[in-house]
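In: the following comprises the amino acid sequence and a computationally predicted model.
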Amino acid sequence: MAVAALEQEILTLRKRRQLYSLIGLLLVVAVLMSGYSKSNEMNSGGFLQGLTKFFDYPGEIVLEAWEAGPAFFGLIVHFVPAMLETLNIAAVATLIGGAMAVVLAMTSTRNVDSWGPLIPVVRRMMDIMRAFPELIIALFLIFVLGSSPVPAMIAVAFHTAGALGKLFSEVNDNIDRKPIEGLSACGASWLQRIRFAVLPQVAPNYLSYFLLRLEINVRASAILGFVGAGGIGQELRRTIGWGKGAGDETAAIFVLLFFTIMMIDQLSSYLRGKLVGAGRAH
Amino acid sequence: MAYDTFNEPFFDRNTVFQNVRRRAWITVAAPVVVCLYLVYTWFAFGVPQLLSKAQPERAAILATDSVAYKVHVTKLLRRDIMEVSIEGERRATYEINQLPDWVEVEGTNAFVDLGEGYSVAITGKVMEFDVPDYGVIKVTATNSGVNTELPSGPVPEWLRDNPKKFDARPTLDRRVQVTRTKIEVHNYFGGWENFWFPFTSELHGMPFSQLWAIALSNERLDPSQSNMSYIMHEFLDNPDWQHGEVFIALFETIMMAVLGTLTAAFFGLPLAFLAARNFTPSKILRFGTRRLFDFLRGIDMLIWSLIFIRAFGLGPLTGALAIAFTDTGSLGKLFSEALENIDNKQVEGVRATGASQLQRYRFGVIPQILPVFVSQVLYYLESNTRSATVIGALGAGGIGLMLVETMKTSRDWENTSYIIILTIVVVIIMDQTSSWLRRKLIEGK
């Protein structure tokens, strides 16, 4: 009797679960469908007439690049300094943001004996730093400082500090406390404990996240260039603004950007694989 | 390598010292290299020139203007009229019988009390500015410029006086300007002016309780619609703040993020099966799918959005497609890695019961990768809300474009800060929702 009742209950539970899954799935599909039809309405150009034009622009710039012939490779070399500037923005921002993130992480994890009252404060601070879109800080600083790579660098570094700080403090949460206890038993100060007990444990993971962030930041700095922060993005806006005739230059920038991003991607996933054993993503 | 009898590795003294020395060297060299690099970029970015060219007063203007507004008292000398208006806007001009109590107007003369002993008297073409601890500044507008009579003593820094224009700003919130065509007094107040309702609206300046009473009352202010919808319309159509348009732009941005991420997940999952070693034996197919992922990711959102803007014009569709294309690559790669790491025992167990291929996938594979799937999609949703604002600024529309445009006109900074605050609030809400969902769905809490 009891068994039958139990079976009945399991059956209803399973049915309800299936119903919920179905409702969830239908909801997602409904959001997708209505969203696309709504955004198709709101878009200035429709989807269907856009579809026919989709290959026009890529075709146009490829054609112009083809007509440029061997000079096209010269164009790619011509834009290398701008690409380097973008890479510099990303690298400096990741370095500065990463350094800030280490400080934030060390002061916001109970597991590494951070000062108690500070923990929630620093955590909220990191949340806010992460929430600020880079664009807003960059635009504000461009307004005050003028068009230059520095605003983009500061904007990306600010966001990086928050994002990496959170990941770092998650790493801190999972470390072994024995070395910390051993060191405090022989009277080590907090800084000494961090230096000799925590850092050696977290270094590989920190470096791996650092590389992942570098990869993301290269993309972000390229985009920020487009709103006036220098580097390859600014060159791209210039050539695109010229419209017809500068297609070969635009194509050169696209190619350069594509290969740089691919290269950094591959390099960072190779190095990360070496650091933490497997290519852990995100 | 030599081993001793206890099977412990044998290190000779030299190797140990060599290792220690190398490590010590790295600990010194790495920071030095980083520092040298930072010094190099300091000059490569031109920081010294930048600092000399920076305009910190712009930041001050932005900060003041985004938390305060000013009321102009203007005397137009050519037409000989006196006007009092908010931010000098025509549609926000006070009626002569409803002036604020710190202004007294008699005909075309006026007395403005700026508080704390500061006051301005305008008589004919003469402006007398009484500044405590300094004296009375008398400025007369003439046909060719201005005549200034300053009290004796050194000329203070806040005063700019040349034959064409007189400009004094003794404190941040009081300013007087005289040219040959007009005398203008600015009085600053905290807050955002006309935030709820436009100046001309009947609802302007009403306390919230009164609004609530009107909303619930039967007597219609506008016979064609109920009071509730009248209030909503007055609020959304506010010409200074454009609440309606800002909300639509925000909605577009969220739509870009949600649609883009869901579409990427929708296409990324099936493609991930094609890229996983244990599901696709064909090497060519696998290689092709993986290169497709790399291609989609490598092109990057920047280039995708530029291409889509050309094809589809301005709007959320463009942004959604740009996000979808890039993230199909990223999510596909992540899912295929998750698929390669699944436990085969579960699949074999399902197969042992005689399940078909499809059933094996449904009951053996999907439950294992579902947590990864859900959490990654939510992570991407979260970061795409931020990306969508940036794509918008490239020209796809939404709140990003609106932000760039209000910043370019650089007139109403309070509008800019309003948009910035709303954007950050939306990003934080999306963040919290996604982490709440992640906790709910994966940890079952």
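Out: In hand now; what should we look at? Fair warning: this is a prediction, and the values are worked out from it, not measured in the lab.
In: other SSEs contacting the lowest-mean-pLDDT helix or strand in chain A?
Out: Of all helical and strand segments in chain A, the minimum by mean pLDDT, DSSP states H and E falls on helix A:47-53, at a mean of 75. Under the contact definition 3 or more CB pairs under 8 Å, 6 or more residues apart in numbering or on different chains; DSSP states H and E, helix A:47-53 sits against helix B:283-312. All C-beta atoms are positioned from the backbone trio N, CA, C, and that covers glycine.
In: run the angle between the helix or strand following the helix it packs on and helix B:283-312 for me.
Out: Per DSSP states H and E, helix B:283-312 leads on to helix B:316-340 as the next helix or strand towards the C-terminus. If you take axes from the mean of the first three to the mean of the last three CA atoms, to 10 degrees, helix B:316-340 sits at 170 degrees to helix B:283-312.
In: neighbours of B:Ser356, how many?
Out: 10 (other CB atoms under 10 Å in any protein chain shown).
In: distance of it from chain A?
Out: Per CB to the nearest CB, to the nearest Å, B:Ser356 is found 19 Å from chain A.
In: and that residue, backbone torsions?
Out: Note on B:Ser356: backbone dihedrals following degrees, to the nearest 10 are phi -80, psi 170.
In: do the same with A:Phe132
Out: According to degrees, to the nearest 10, A:Phe132 has phi -60, psi 110.
In: ok, now which ones touch it?
Out: A:158-159, A:162, B:424, B:427 (CB atoms under 8 Å, 6 or more residues apart in numbering or on different chains).
In: and whichever helix or strand comes after the least confident helix or strand of chain A, what does it pack against?
Out: The C-terminal neighbour of helix A:47-53 among helices and strands, as given by DSSP H and E, is helix A:56-68. When contacts are defined as 3+ CB pairs under 8 Å, 6+ apart, helix A:56-68 packs onto helix A:247-276, helix B:283-312.
In: if we go to 10 Å?
Out: Where contact means 3 or more CB pairs under 10 Å, 6 or more residues apart in numbering or on different chains; DSSP states H and E, helix A:56-68 is packed against helix A:71-78, helix A:232-242, helix A:247-276, helix B:283-312.
In: and the ones you listed as a markdown table, adding distance to B:Pro132 and mean neighbour count?
Out: Listed next are the helices and strands packed on helix A:56-68 as a markdown table, based on distance: least, CB to CB, whole Å; neighbours: other CB atoms under 10 Å in any protein chain shown:
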| stretch | distance to B:Pro132 | mean neighbour count |
| --- | --- | --- |
| helix A:71-78 | 63 | 14 |
| helix A:232-242 | 50 | 20 |
| helix A:247-276 | 60 | 19 |
| helix B:283-312 | 56 | 20 |
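In: show me where the stretch 51-200 of chain B has its helices.
Out: Taking DSSP state H, counting those that start in this stretch, the helices of the stretch 51-200 of chain B run over residues B:56-67.
In: near chain A, which residues of it show up?
Out: When proximity is defined by CB under 10 Å from any CB of the partner chain, the stretch 51-200 of chain B lies next to chain A at B:51, B:53-62.
In: got a PyMOL select line for the buried ones in those residues?
Out: Selection of buried members from those for PyMOL, criterion 16 or more other CB atoms under 10 Å in any protein chain shown:
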select buried, chain B and resi 54+58+61+62
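In: quick one, what contacts the closest residue to A:Glu60 other than its chain neighbours?
Out: Nearest residue to A:Glu60 in three dimensions, chain neighbours excluded: A:Gly247, at 5.6 Å (CB to CB, 6 or more residues apart in numbering or on different chains). A:Gly247 makes contacts with A:57-68, A:239-240, as judged by CB atoms under 10 Å, 6 or more residues apart in numbering or on different chains.
In: 6 Å instead, please
Out: A:60-61, A:64 (CB atoms under 6 Å, 6 or more residues apart in numbering or on different chains).
In: ok, it to chain B distance?
Out: From A:Gly247 to chain B the distance is 12 Å (CB to the nearest CB).
In: now do A:Arg195
Out: Going from A:Arg195 to chain B by CB to the nearest CB gives 11 Å.
In: again, but for A:Leu25
Out: Using CB to the nearest CB, we find A:Leu25 at a distance of 11 Å from chain B.
In: and the angle for the helix or strand encompassing that residue with helix B:283-312?
Out: For A:Leu25, the host element (DSSP H and E) is helix A:2-42. Orientation of helix A:2-42 against helix B:283-312 (the same axes, to 10 degrees) gives an angle of 50 degrees.
In: which other helices and strands contact helix A:2-42?
Out: The helices and strands touching helix A:2-42, judged by 3 or more CB pairs under 6 Å, 6 or more residues apart in numbering or on different chains; DSSP states H and E, are helix B:243-275, helix B:316-340.
In: pick the most buried one from those.
Out: helix B:316-340 (a mean of 26; mean count of other CB atoms under 10 Å in any protein chain shown).
In: and for that one, what are the contacting residues?
Out: A:39-40, A:42-43, A:281, B:252, B:255-256, B:259-260, B:263-265, B:267-269, B:271-272, B:275-277, B:293, B:296-297, B:301, B:304-305, B:308-309, B:312, B:369, B:372, B:376, B:380, B:384, B:388, B:391, B:396.
In: name the nearest residue to B:Glu149, sequence neighbours excluded.
Out: Once flanking residues are discounted, B:Glu149 sits nearest to B:Lys138: 4.4 Å by CB to CB, 6+ apart.
In: so the one you found touches B:Pro151, yeah?
Out: No. Using CB atoms under 6 Å, B:Lys138 makes no contact with B:Pro151, being 9.2 Å away.
In: ok and the helix holding A:Leu25 relative to helix B:243-275, angle-wise?
Out: Computed by the same axes, to 10 degrees, the angle separating helix A:2-42 from helix B:243-275 equals 120 degrees.
In: now helix A:2-42: average pLDDT?
Out: Average pLDDT, helix A:2-42: 87.
In: ok now it, how far from the chain's centre?
Out: 32 Å (CA atoms, centre = their mean, to the nearest Å).
In: domain parsing of the chain, as residue ranges.
Out: All of this refers to chain A. As given by automatic domain parsing, the domain ranges for chain A are A:1-32, A:64-276.
In: if you could check chain B rather than the one you did, that'd help
Out: Split by automatic domain parsing, chain B gives B:1-54, B:68-190, B:243-443.
In: turn those domains into TSV, columns for mean pLDDT.
Out: Below are the domains of chain B laid out as TSV (pLDDT from 0 to 100):
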stretch	mean pLDDT
domain B:1-54	82
domain B:68-190	80
domain B:243-443	87
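In: between those domains, which gets nearest to A:Arg17?
Out: Closest to A:Arg17 of the domains of chain B is domain B:243-443 (CB to CB; 12.5 Å).
In: endpoint to endpoint, that closest one covers what distance?
Out: Criterion CA to CA, to the nearest Å; first-to-last residue distance in domain B:243-443 is 39 Å.
In: ok now that domain, how far from the chain's centre?
Out: Its chain's C-alpha centre and that of domain B:243-443 lie 21 Å apart, by CA atoms, centre = their mean.
In: swap in stretch A:262-276?
Out: Remark: stretch A:262-276 is offset 15 Å from the chain centroid, using CA atoms, centre = their mean.
In: what about that stretch and chain B, any contact?
Out: Yes. Using CB under 6 Å from any CB of the partner chain, stretch A:262-276 reaches chain B at A:Met262.
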